[in-house]
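Asker: This is a predicted model, with the sequence first.
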Amino acid sequence: MLPVLPGLEIAEAAVDWAQAWRIIASRFPPIHLFERVSPNPAVWETLIELEELTNPRVRDQVGQIRLVPPERRISGINASWVMASFTHVNPKGSRFSDGSYGVYYAADSLQTAIAETVHHFAAFARDANDPPRREDMRVLVGPISNNFHDVETLRPKEHRTAVMDPSSYGASQALARSLREQHSNGLLYPSVRHRQGHCLVAFWPDVVGIPRQERHLQYEWNGQSVTRYFDYSRSEWLPMPADA
């Protein structure tokens, strides 16, 4: 058991998912720079600065590369799907990030990934008072085989409940920050939005496998909620997953 914060302990668990599912908005285009830069990540800052001389939009595309230590960077085909998660930071934060660093979320099934991302898409649309609209989503699938700290082993149990609070991220962000500072790979945790599902959050690019694009979906916001989605691979509308 690893002591993470005063009075708290957590253990690691082996994760071996042949298919880890991740869903992102299709409006975010692929970033190909990470797939063609030097295999030496230590010189990426210099190469990116040179690229900016002819393409001033490179900085916006690449994001904050300095957030990722050179020894933890990855490159090659589809590496951008992973790297972008760590260099384009959500300043509002998320369950396991306080907004000062990027993380990579994935789920153990497509249905869990849909339930998790639909929840956040609907919350954003609701807060923005969006009228009925639709959003295309890109589904990524890749292997993950590594050790992650398991939230279900977190002691005491009362803090485990706080970490998995459906709406408050204070306890979960504090836990993640402490673990990341100790170079943890990330966290395995039960899905809050899909019963029986599991998710993980990776703190570094080099602890997950590089994914491929699997299909496209479309979420439908009816002005109040998301009750169905369109699966382009099946050419049909489907109801939201049970227990979502």
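Answerer: Structure's in. What do you need? Numbering: from 1, shown residues only.
Asker: tell me which element I114 is part of?
Answerer: Element membership for I114 (DSSP states H and E) is helix 110-127.
Asker: can you check P241 too?
Answerer: For P241, there is no host helix or strand (DSSP H and E).
Asker: Compute the inter-axis angle for the very next helix or strand once past the helix holding I114 and helix 110-127.
Answerer: Scanning forward in sequence from helix 110-127 by DSSP H and E, the next helix or strand is strand 133-150. Taking axes from the mean of the first three to the mean of the last three CA atoms, to 10 degrees, one finds that strand 133-150 is oriented at 120 degrees with respect to helix 110-127.
Asker: Sheet partners, orientation included, of strand 133-150?
Answerer: Looking at strand 133-150 with DSSP bridges, its partner strands are strand 12-25 (antiparallel), strand 186-190 (parallel), strand 212-221 (antiparallel).
Asker: And the contacts of the second one?
Answerer: Right, strand 186-190. 13, 15, 96, 103-104, 148-152, 163-164, 175-176, 179, 197-204, 207 (CB atoms under 8 Å, 6 or more residues apart in numbering). Quick note: C-beta positions are derived from backbone N, CA and C, even for glycine.
Asker: out of these, which are buried?
Answerer: Among those, those classed as buried by neighbour count (16 or more other CB atoms under 10 Å) are 15, 96, 103-104, 148-151, 163-164, 175-176, 179, 197-204, 207.
Asker: Low-confidence regions, the protein specifically.
Answerer: The chain contains residues with pLDDT under 70 at 1-3, 28-63, 244.
Asker: please redo it, this time with the cut-off set to 80
Answerer: Flagging of the chain using pLDDT under 80 yields the residue ranges 1-7, 27-65, 241-244.
Asker: Contact partners for the one residue sitting closest to the centre of it?
Answerer: Centroid-nearest residue in the chain, with CA atoms, centre = their mean: Y105, separated by 2.5 Å. By CB under 8 Å, 6+ apart, Y105 lies in contact with R22, S85, S94, E116, C199, L200, V201.
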